[in-house]
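Q: Sequence plus the predicted model coming up.
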Amino acid sequence: MSHVHANARFVPLGIAVLTVSDTRGFDRDGSGDLLSERLSEAGHALVDRRIVPDDIYRIRAVVSKWVVRDDVQVILVNGGTGFTVRDTTPEALVPLFDRAIDGYGELFRQLSFDSIGPSTVQSRAVGGVANRTLIFAMPGSPKACATAWDGILASQLDARTRPCNFVAMVLPEQHCCESRSVESVPNHGQGVRA
């Protein structure tokens with residue numbers, strides 16, 4: 001079980017929020033509102049927020065622009081992770097990943113099982129890293145976004161969480177995993193971002 005290390009310091013991250021929806025605008029984006037509020041309350045910075053229709057290329061275009069920005073370390077995508085014909089978020093994101101974070105989707109489904117039971121198998125929540133930018137996609141309901149943030153992301157985006165967290169992946173000067181040092185990570189520091 002993870003815990004917050006007493007001597008570690010909090011490191012704020014730049015986070016962008018993308019809502020994938022064919023019907024919602026900012027006036028009805030409860031999921032985007034929830035994620036924006038939670039990340040701000042945690043001490044991170046909301047650096048951009050958008051809504052796009054559920055279209056592979058429009059989703060990919062926004063995320064591709066964000067992964068090359070120096071002020072964006074994390075992208076949170078809500079919506080479009082189900083099994084309908086219009087749910088294309090995983091197809092848009094997975095080709096962008098340099099490395100998948102398989103455990104994110106696995107843990108999300110485990111946590112959501114307590115709320116929705118076997119229906120959780122229809123969630124295609126995915127996570128990955130592209131150009132040292134973390135990308136996490138989750139279902140578009142506020143409850144699902146709360147499950148992802150409260151149960152996984154809040155602690156994993158906190159440099160104080162031990163034994164490991166994701167901060168060292170996006171800010172290499174941070175040493176955030178007790179089980180391995182930054183110097184032992186293969187290809188550490190290589191990539192496009194300056």
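A: Structure's in. What do you need?
Q: which residues in this structure form strands?
A: In order along the chain, the chain carries the following strands (DSSP state E): 3-4, 14-20, 45-52, 74-78, 99-100, 126-130, 133-138, 161-162.
Q: So the closest residue to Asp158 other than its chain neighbours versus Pro142, what's the distance?
A: Of all residues not flanking Asp158 in the chain, Asn165 sits nearest, at 6.0 Å (C-beta to C-beta, 6 or more residues apart in numbering). (Glycine included, C-beta is placed from N, CA and C.) From Asn165 across to Pro142, the span is 25 Å (C-beta to C-beta, to the nearest Å).
Q: more neighbours, those two?
A: The residue with more neighbours, out of Asn165 and Pro142 and counting by other C-beta atoms under 10 Å, is Asn165; that gives 22 against 16.
Q: Let me see the confidence value for that one.
A: According to the prediction, Asn165 has pLDDT 93.
Q: quick one: buried residues of the longest helix anywhere in the chain?
A: Scanning the chain for the longest helix, with DSSP state H as the assignment, gives helix 102-116. By neighbour count on 16 or more other C-beta atoms under 10 Å, the buried set for helix 102-116 is Tyr104, Gly105, Leu107, Phe108, Arg109, Leu111, Ser112, Ile116.
Q: lowest confidence element among the helices and strands of this protein?
A: Every helix and strand of the chain was ranked by mean pLDDT, DSSP states H and E. The lowest is strand 3-4, at a mean of 60.
Q: Quickly note the distance from the residue nearest to the spatial centre of the chain to Gly14.
A: Residue closest to the mean C-alpha point of the chain, counted by C-alpha atoms, centre = their mean, is Phe136 at 2.7 Å. Computed as C-beta to C-beta, the Phe136 to Gly14 distance reads 14 Å.
Q: now do Asn131
A: Distance of Asn131 to Gly14, given as C-beta to C-beta: 14 Å.
Q: Specify which residue of those two has the higher count of neighbours.
A: A count of neighbours by other C-beta under 10 Å puts Gly14 above the other of Asn131 and Gly14, at 20 against 17.
Q: dump the residue contacts of Gly128.
A: Contact analysis of Gly128 by C-beta atoms under 8 Å, 6 or more residues apart in numbering lists Leu93, Val94, Leu96, Phe97, Asp98, Arg99, Ala100, Ile101, Leu134, Ile135.
Q: If you drop the residues flanking it in sequence, what lies closest to it?
A: In this structure, Gly128 finds its nearest non-sequential neighbour in Phe97, 3.1 Å apart by C-beta to C-beta, 6+ apart.
Q: sorry, back to before: what's next to the longest helix of the chain, contact-wise?
A: Under C-beta under 8 Å, 6+ apart, the answer for helix 102-116 is 120-121, 123-127, 136, 138, 143-144, 147-148, 151-152.
Q: repeat for stretch 86-93
A: Contact partners of stretch 86-93, identified using C-beta under 8 Å, 6+ apart, comprise 20, 22, 54-57, 59-60, 63, 77, 79-81, 124, 126, 128, 135, 137.
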